[in-house]
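Student: Build me a model from this:
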Amino acid sequence: MPPRITPLTDPEPTPSSRRLAWLASGTEGAPVGSAFLRLFTKEGQDHLAELEVAVHPAERRQGVGGALLDAAVSAARDEGRRSLVAQAETGSPGDLFLAARGFRRVLALTYARLVLTDVDSARISEIAERPYPGYELTHWDGAVPPGLAQTFADSRRAMDDMPMEGTDYGTVAWDVERVLSVAETIAKRGELLHTVAVVDRSDGSIAGFSELVVPGDGRGDGQHYGTGVLPEHRGHGLGLWMKAESIRLARRTYPELGGLLTDTADSNAPMRSINDALGYLPTHGAVEYQLDL
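Tutor: Okay, the predicted model is just below:
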């Protein structure tokens, strides 16, 4: 018998998206899989939906994933979405499943980890303390301070030309409200947001930023959320400078933190070079797939 697909309700939309969900159950009502469809709602991305499908290993190849996918694709079309994206680890069952279901590969990613006990502290400090004429570093915990809020929101356009290869990602429009909302969401999850930024001394504006999210107990691994430098300030080594300072602050503030995680598009040669220079080691690869609706 085909699995029973039950629509669920996600009660907590975010300011930039909402989710639909489905539960797949077997003949005796036991859950065998699930799907989540994130519908982006902000202008610039309201054409896009993001899919996550999970099937219990013992229930694979029995039509569960296909039934969940059909429900999600139908809903994405009903919502007027142009593109549906999903990510899978390279070589995993999800990778094979998406390829077989008509999705096309649009982006390759490399995930990497920095083991903090293996960090060359002297070298990281040398990079972080190196003078960069015309610029200075600043940092804050949680939400951006009011005096920097507008220039920080403006600096988010540094991510607009991030290499996305063939992904129909659209553009993310940032304002102060959105910046503060992201910080609030992370805090509500019980996690800790830390931001290092470069300030242009000539006018006090932010030229680049690097964000790190750490588990609330200060253990396990932190996750880099984004590092970007505005186009007019590139070519000076500011990305390396900020990320080195972020590493130094993480080691100083969280002595029990095990490592720092990052993911980078394979085509993003400058950021991959920064990660290599700082000692991040690849852990696995992933593929971003897209279905054109």
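
Student: Would you mark the buried spots in stretch 282-290?
Tutor: 286-290 (16 or more other Cβ atoms under 10 Å). All C-beta atoms are positioned from the backbone trio N, CA, C, and that covers glycine.

Student: swap that for stretch 182-197, sorry
Tutor: Buried positions in stretch 182-197, judged by neighbour count with 16+ other Cβ under 10 Å: 182-183, 186, 192-197.

Student: In helices only, show me these.
Tutor: Members of those lying in helices (criterion: DSSP state H): 182-183, 186.

Student: Which single one of the buried residues of stretch 282-290 is nearest to residue 119?
Tutor: residue 286 (24.9 Å; Cβ to Cβ).

Student: does that closest one count as helix, strand or coil?
Tutor: Reducing the assignment to helix, strand or coil with DSSP: H, G, I helix; E, B strand; the rest coil, the entry for residue 286 is strand.

Student: Now find how far off-centre stretch 245-263 is within its chain.
Tutor: Here stretch 245-263 is found 18 Å from its chain centre; the criterion is Cα atoms, centre = their mean, to the nearest Å.

Student: Lowest-scoring secondary structure element of the chain by mean pLDDT?
Tutor: Using mean pLDDT, DSSP states H and E, strand 4-9 stands out as the lowest-scoring helix or strand of the chain, at a mean of 91.

Student: Remind me what that one packs against, helices and strands.
Tutor: Other elements packing on strand 4-9 under the criterion 3 or more Cβ pairs under 8 Å, 6 or more residues apart in numbering; DSSP states H and E are strand 17-25, helix 64-78.

Student: got the ones you listed as JSON lines, with mean neighbour count and distance to residue 44 columns?
Tutor: Rendered in JSON lines, the data for the helices and strands packed on strand 4-9 read as follows (neighbours: other Cβ atoms under 10 Å; distance: least, Cβ to Cβ, whole Å):
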{"stretch": "strand 17-25", "mean neighbour count": "18", "distance to residue 44": "12"}
{"stretch": "helix 64-78", "mean neighbour count": "19", "distance to residue 44": "18"}
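
Student: export the ones you listed to TSV and tack on mean pLDDT and distance to residue 276?
Tutor: What follows is the helices and strands packed on strand 4-9, written out as TSV (pLDDT from 0 to 100; distance: least, Cβ to Cβ, whole Å):
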stretch	mean pLDDT	distance to residue 276
strand 17-25	95	33
helix 64-78	97	36
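
Student: looking at those, which is closest to residue 203?
Tutor: Among the helices and strands packed on strand 4-9, strand 17-25 sits nearest to residue 203 (Cβ to Cβ), with 33.9 Å.

Student: can you pull the contacts of the residue most central in space within the chain?
Tutor: In the chain, the residue lying closest to the centroid (Cα atoms, centre = their mean) is residue 225, at 5.6 Å. Applying Cβ atoms under 8 Å, 6 or more residues apart in numbering, one finds that residue 225 lies in contact with 193, 211-213.

Student: Just the helices from the stretch 1-150 of the chain, written as ranges.
Tutor: Shown for the stretch 1-150 of the chain, the helices assigned by DSSP state H, counting those that start in this stretch span residues 64-78, 93-100, 121-129, 146-155.

Student: what's the closest of those helices to residue 217?
Tutor: The closest of the helices of the stretch 1-150 of the chain to residue 217 is helix 121-129. By Cβ to Cβ, the value is 23.3 Å.

Student: what helices or strands is the closest one leaning on?
Tutor: Secondary-structure packing of helix 121-129 (3+ Cβ pairs under 8 Å, 6+ apart): helix 238-253.

Student: tell me what the helix it packs on is packed against?
Tutor: Counting contacts by 3+ Cβ pairs under 8 Å, 6+ apart, helix 238-253 is packed against helix 121-129, strand 135-141, strand 192-200, strand 205-214, strand 220-229, strand 257-265, helix 269-278.
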